[in-house]
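Chemist: coords please:
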Amino acid sequence: MVTLGSGEYTYQISGENWGNLPEGWFYKEATSVDVDSKDNVYVFNRGNHPMIVFDTEGNVLRSWGEGDVFTNPHAVTIAPDDTVWCVDNQDHSIRQFTPEGQLLMTLNGKNQHAPAMSGQPFCSPTRVAIDPRNGDILVADGYGNARVHRFSPDGKQLLNSWGQAGTELGSFNIVHDIDIDQDGYVYIGDRENRRIQVFNPAGELEARWGDLSRTAAVHVSKGLVYVGEDYAGGTEAYKVAGQLGPRVSILDVKGNVLTRLSQEAFGDKPGRFYAPHAVAT
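Modeler: Alright, predicted model coming up:
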């Protein structure tokens, strides 16, 4: 048993793998995770069952997405209505499904994309977030663009976009993750700039938080911001260097660090990470 964190944000890590996968099932890479209103856990992965849904005890409820539905699963988002948004960064698809895997909406079809860094939707998008106030669809268009796009709830109208490539405030160097709080503020994991940027609902910059490693994941819940940080050290140091990630940091909504989970180097021992690519609560 390993203890991570501090104070009221202290966690016990058993070292046992969670989730009872049937024989022959594998994740390959579990790239994203989210939780629905019933506390069912959705794991989006690059294995032979791309979407696996577990109950709270880790028992498999169902799977879907087998075959050629996905090319390179990148992110899953459970909307307030429990519909499931899936983003594939390789084939550029952005689709909404029922919890059972029935297609509801295609915001962007497979292998349809804008020119790289054109600013037009979409080019290798990374994740979707749903505005809890009005159902607007926000897309982090992060690998082939440096933009955030806001669409109407039916996906038919592009309401606004913002961002451009760069290191200055309001610019992005891989918009890798996105989340929205109850007041409509937008939190961006600006990964290669190693920061979180916070925007108001109009897309205007409100805050920039540093003192972070490569910000791969951002999750906002109940006044807390959880940040999954990939390793930011050199290629020779990754096996031994701590304090550089990979880790998970917990912050308040003002950007103050409350605790960090794991200060150790890369590894598969209990309490260590390889790449915290998604966080959900």
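Chemist: What residues sit buried inside stretch 273-281?
Modeler: Across stretch 273-281, burial judged by 16 or more other Cβ atoms under 10 Å covers Phe273, Ala275, Pro276, His277, Ala278, Val279, Ala280. Using the backbone N, CA and C atoms, a C-beta is placed for each residue, glycine as well.
Chemist: Adding distance to Ser63, write the residues you listed out as CSV.
Modeler: Listed next are the buried residues of stretch 273-281 as CSV, based on distance: Cβ to Cβ, whole Å:
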residue, distance to Ser63
Phe273, 25
Ala275, 23
Pro276, 23
His277, 20
Ala278, 18
Val279, 22
Ala280, 18
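Chemist: any chance of those residues in CSV, plus secondary structure?
Modeler: Output for those, formatted as CSV (DSSP: H, G, I helix; E, B strand; the rest coil):
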residue, secondary structure
Phe273, coil
Ala275, coil
Pro276, coil
His277, coil
Ala278, coil
Val279, coil
Ala280, coil
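Chemist: now, which of these sits nearest Phe199?
Modeler: When these are compared for distance to Phe199 (Cβ to Cβ), Val279 wins out at 19.6 Å.
Chemist: wait, the closest one sits on Val220?
Modeler: No - Val279 is beyond contact range of Val220, at 9.9 Å (criterion: Cβ atoms under 8 Å).
Chemist: any shared contact partners between those two?
Modeler: Shared contacts of Val279 and Val220, defined by Cβ atoms under 8 Å, 6 or more residues apart in numbering, are found at Tyr226.
Chemist: Just give the nearest non-adjacent residue to Gly15, would you?
Modeler: Nearest residue to Gly15, sequence neighbours excluded (Cβ to Cβ, 6 or more residues apart in numbering): Pro270, at 3.3 Å.
Chemist: low pLDDT regions in this protein?
Modeler: By pLDDT under 70, the low-scoring segments of the chain are 233-243.
Chemist: distance of the residue nearest to Gly15 from Leu258?
Modeler: Using Cβ to Cβ, to the nearest Å, Pro270 is found at 22 Å from Leu258.
Chemist: Same check on Gly228?
Modeler: Applying Cβ to Cβ, the value for Gly228 to Leu258 is 15 Å.
Chemist: Compare those two and say which is more crowded by neighbours.
Modeler: The neighbour comparison of Gly228 against Leu258 (other Cβ atoms under 10 Å) goes to Gly228, with 26 against 15.
Chemist: and the more buried one, that's in a helix?
Modeler: No - read with three-state DSSP, Gly228 is strand and lies in no helix.
Chemist: Quick check: it touching Pro276?
Modeler: Yes - the pair Gly228 and Pro276 qualifies as a contact (Cβ under 8 Å) at a distance of 3.2 Å.
Chemist: intersection of neighbour lists for those two?
Modeler: Joint contacts of Gly228 and Pro276 (Cβ under 8 Å, 6+ apart) are Ala216, Ala217, Pro246, Val248.
Chemist: Pipe the residues you listed into a markdown table and attach distance to Asn134 per row.
Modeler: Listed next are the shared contacts of Gly228 and Pro276 as a markdown table, based on distance: Cβ to Cβ, whole Å:
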| residue | distance to Asn134 |
| --- | --- |
| Ala216 | 28 |
| Ala217 | 25 |
| Pro246 | 35 |
| Val248 | 30 |
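Chemist: Many thanks, we can stop here.
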